[in-house]
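In: 3D, please:
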Amino acid sequence: MPYRTIETFTTESGAAAVATGKDRSRIAASPLAALLSVSLALALLVCPAWGEAKVSSDTIVLRGGTVFDAHTGTMVPDQTIVISGDRIERVIPNSTAFDPPAGSQVMDVRGKYIIPGLIDGHVHITHQLNLAHMTGDEVFPLFLAAGVTSLRDVGDTIMTQKLLARYAEANSGSCPRVFMCSPLIDGSQPFHQDIGWAVPDPEKVPDFVADMAAWGVTTLKLYVGTERPVGKRIIEEGHNHGLIVTAHLGLYSAQDAVADGIDCLEHIWSVFDYIIPDGPRPEGYRSSMDLTTPKAQDLINSIAQHHVRVDPTLTIFRNSLLLTDLEAVWKNPDLAHVPARLQRRWEAHRAGQDLKPETFDLRKREFDKYQELTGILYRAGITILAGTDTPEPYVIPGFSLLDELERLVESGLTPAAALQAATINNAGILKQETQLGSITPGKLADLVVLSADPLADIRNVRQIEQVIRGGIVSDPQELFKLVPTE
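Out: Next up is the predicted model:
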């Protein structure tokens, strides 16, 4: 079986890194893709690791910065953060007497803003990349360079995820944390053959869920072909194993899934599609829907009462609906950091779209409705998550989460609420509240140092100076060098 060729090289900074050779295995979107992906990941794990664009010390002291409190949504000025190993040891006022231990790395962060490491709540680390003849490790440094220190996978081949998660932990100076998910749980003919798993019989659910738990997944993901009998059994068995159950809904209605105890709904469609009025659906109806009907209000109230979280993934909808119209999508400056193979894959997708200019207004108003509904959900007290669906076309690994925060603020969330969505809320859906999501003593030391205040302007999340992942300080510019150009 052919493996991708791998060679080591040295970056401009002198750090050892890994380059992918030109002779790569071709991966088709078929069941064989899973086996090939595993083979590639196995080859990856026995190779030299990527260069680590990092500085590490037993103790790191950040003096004088303004710290975002993810629980209250406020900035706390003039704080000192002490990191010991991979944990936050203390957070104290800068005026408090404190002598750093000998050998500590002391960082003067006066005038800087420190937020928790961001968590992308909707990622695929195999799907779509395989179509570009890539593996997830190649884009991991992009996530970290954008301040994204953790990924919530929401459906991929299980063995590939496991190997990539293991690789990420072994190379924590250049990779985010990876939290695993089941393949997409679907009907007898899975919609996505490469990452779907047919579970059409409720009697098969207990063994399937037990197997997923044994693999170490955090999340079970229901997909469009799952019907209620299987969906309800997955929820029950998943909860028995302490797992989160989420869904991109189709045949299983949101009303039923919420009543049955689903934990989360993926994509704003998983709400929007179930409040469409009964009766005829004229052309462009999605762009002019009334979101305040009794049907809509009943579902929104039910979501709130059952404490179901919603991950709108607005960026993927903006990029797909307006792909051929907005140069901001397909000429995004962040594309400069994306490997050419992935860019070619995305450009081929864009070239195949049949989005007529005369339909732009309808498509734009449809996206506006998705943002309007997101704002309604937020104001109803529903917990909003921040996820992207990267690496779908032009949903750039890492940087698309920064786009998503902008889309959430445009939808009516405050900048603080948007940051909470990508930090403490996403930590909650991973059951990692005691480890991640806030700058709190005892938690893992995942932080981002910014040069400007994101509460004044959410776009300031792009003003990244350093990223700290588990007590390892990384420079975004050095991380970019670890991403293959081809």
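In: residue furthest from the geometric center of this structure?
Out: Relative to the mean C-alpha coordinate of the chain, counting by CA atoms, centre = their mean, the farthest residue is Ala97 (39.0 Å).
In: what residues of stretch 277-291 count as buried?
Out: Within stretch 277-291, the residues that count as buried by 16 or more other CB atoms under 10 Å are Arg286, Ser287, Met289, Leu291. To be clear about C-beta, it is placed using only N, CA and C from the backbone, and glycine gets the same treatment.
In: the residue farthest from the centre of the chain belongs to a helix, doesn't it?
Out: No - looking at Ala97 with DSSP: H, G, I helix; E, B strand; the rest coil, it is coil, so not inside a helix.
In: quickly note the distance from it to Thr80.
Out: 11 Å (CB to CB, to the nearest Å).
In: ok, Leu291 next?
Out: In terms of CB to CB, Leu291 sits 46 Å off from Thr80.
In: likewise for Arg365?
Out: Per CB to CB, Arg365 is found 49 Å from Thr80.
In: the two: which is more packed in?
Out: Thr80 (21 against 16; other CB atoms under 10 Å).
In: partner strands of the helix or strand hosting the more buried one, with direction?
Out: Using DSSP states H and E, Thr80 sits in strand 74-84. Under the criterion DSSP bridges, strand 74-84 sits next to strand 59-69 (antiparallel), strand 87-93 (antiparallel) in its sheet.
In: pLDDT at Ala28, what is it?
Out: In the prediction, the pLDDT value recorded for Ala28 is 33.
In: same question for Leu35.
Out: So Leu35 comes in at 41 (pLDDT).
In: from now on call the first residue 19
Out: Yep, numbering from 19; the last one is Leu53 now.
In: wouldn't Leu462 be in contact with Gly488 here?
Out: Yes - Leu462 sits in contact with Gly488 when judged by CB atoms under 8 Å, with a separation of 5.8 Å.
In: what about the nearest residue to Leu283 once chain neighbours are set aside, how many neighbours?
Out: The shortest distance from Leu283 to any non-neighbouring residue, by CB to CB, 6 or more residues apart in numbering, is to Val328 (5.1 Å). Residues near Val328, counting by other CB under 10 Å, number 23.
In: need the three-state assignment for Val328.
Out: Of the three states, Val328 takes strand under three-state DSSP.
In: what of Ile132?
Out: strand.
In: I'd say it and Leu465 touch.
Out: Yes - Ile132 is within contact range of Leu465, at 5.6 Å (criterion: CB under 8 Å).
In: of these two, which one has the most company?
Out: Leu465 (27 against 23).
In: show me what the closest residue to that one other than its chain neighbours is bridged to.
Out: Of all residues not flanking Leu465 in the chain, Ile486 sits nearest, at 4.4 Å (CB to CB, 6+ apart). According to DSSP bridges, the residues that bridge with Ile486 are Leu465, Val491.
In: the residue nearest in space to the middle of the chain is in what secondary structure piece?
Out: Nearest to the mean C-alpha position of the chain, by CA atoms, centre = their mean, lies Asp138 at 2.4 Å. In this assignment (DSSP H and E), Asp138 forms part of strand 136-141.
In: could you do Leu238 as well?
Out: Using DSSP H and E, the element containing Leu238 is strand 237-240.
In: so for stretch 338-353, what's the average pLDDT?
Out: The average pLDDT for stretch 338-353 rounds to 94.
In: tally of neighbours for Gly446?
Out: For Gly446, the tally of surrounding residues (other CB under 10 Å) stands at 20.
In: what's the helix or strand it falls within packed up against?
Out: Using DSSP H and E, Gly446 falls within helix 444-447. Here helix 444-447 touches strand 136-141, strand 166-171, strand 327-329, going by 3 or more CB pairs under 8 Å, 6 or more residues apart in numbering; DSSP states H and E.
In: could you point out which element follows the last one?
Out: It stands for strand 327-329. Next helix or strand after strand 327-329 toward the C-terminus (DSSP H and E): helix 332-339.
In: residues of the following helix or strand past that next one that come out buried?
Out: Toward the C-terminus, helix 332-339 is succeeded by helix 345-348 as the next helix or strand (DSSP H and E). Using 16+ other CB under 10 Å as the test for burial, helix 345-348 gives Val347, Trp348.
In: quick one: list the elements packing against helix 345-348.
Out: Using 3+ CB pairs under 8 Å, 6+ apart: helix 345-348 touches helix 358-369.
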